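[1] structure for the following, please:
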Amino acid sequence: MRKTIETCADLCQACDLTEWCQSAYHVRQFKKSYRPVQRLKHSHSQDEAKRSAPAEDIQEAHRAHLEPAEGYLARAREIRGRLHTDCGLPTIRRAPQLGQVPRRLQLLS
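    Numbers count the residues shown, from 1 in each chain. Down below sits the predicted model:
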């Protein structure tokens, strides 16, 4: 996601668009939203009830982290379309797929 934000900012700057002028702020906020996910640990307890509580917290933290990611990705797709029509930049064949991440989280639990 960091490279997506930085690439969009660079392309917008090259085409004199101001949509991503605060890209450094967005990267910091995105990293900040990932910090709680990094801090959460899986339980190694033998008790199933104790093990399921942190797993639910971890999934919720991942969901909270994916919300801004989906917003940034939608914004990047919108900018990509504008850059294609307004600046004549070629289209990109494939965009990052965030739809796979929630499915992977379900497999981990």
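
[2] quick check, pLDDT for residue 71.
    Confidence at residue 71, expressed as pLDDT, is 89.

[3] now it: which helix or strand?
    Element membership for residue 71 (DSSP states H and E) is helix 48-86.

[4] any buried residues in that helix, and which?
    58-59, 61-62, 65-66, 68-69, 72-73, 75-76, 79-80, 82-83 (16 or more other CB atoms under 10 Å). Where C-beta positions appear, they are placed from N, C-alpha and C, glycine not excepted.

[5] which helices and strands does it pack with?
    Where contact means 3 or more CB pairs under 8 Å, 6 or more residues apart in numbering; DSSP states H and E, helix 48-86 is packed against helix 2-14, helix 23-39, helix 100-108.

[6] worst average pLDDT in the ones you listed?
    Of all the helices and strands packed on helix 48-86, helix 100-108 has the smallest average pLDDT, which comes to a mean of 58.

[7] can you tell me the SS state at residue 16?
    Counting by DSSP: H, G, I helix; E, B strand; the rest coil, the backbone at residue 16 sits in coil.

[8] could you tell me the phi and psi values at it?
    Here the main-chain torsion angles of residue 16 (degrees, to the nearest 10) amount to phi 60, psi 40.

[9] excluding chain neighbours, what is closest to the residue at minimal distance from the centre of the chain?
    The C-alpha lying nearest the average C-alpha coordinate of the chain belongs to residue 69 (CA atoms, centre = their mean; 2.6 Å). In space, and not counting its chain neighbours, residue 69 is closest to residue 1: 5.4 Å by CB to CB, 6 or more residues apart in numbering.

[10] I'd like the distance between that neighbour and residue 39.
    19 Å (CB to CB, to the nearest Å).

[11] please apply the same query to residue 72.
    Taken as CB to CB, the span from residue 72 to residue 39 is 22 Å.

[12] same deal with residue 8?
    When residue 8 is compared with residue 39 (using CB to CB), they lie 29 Å apart.
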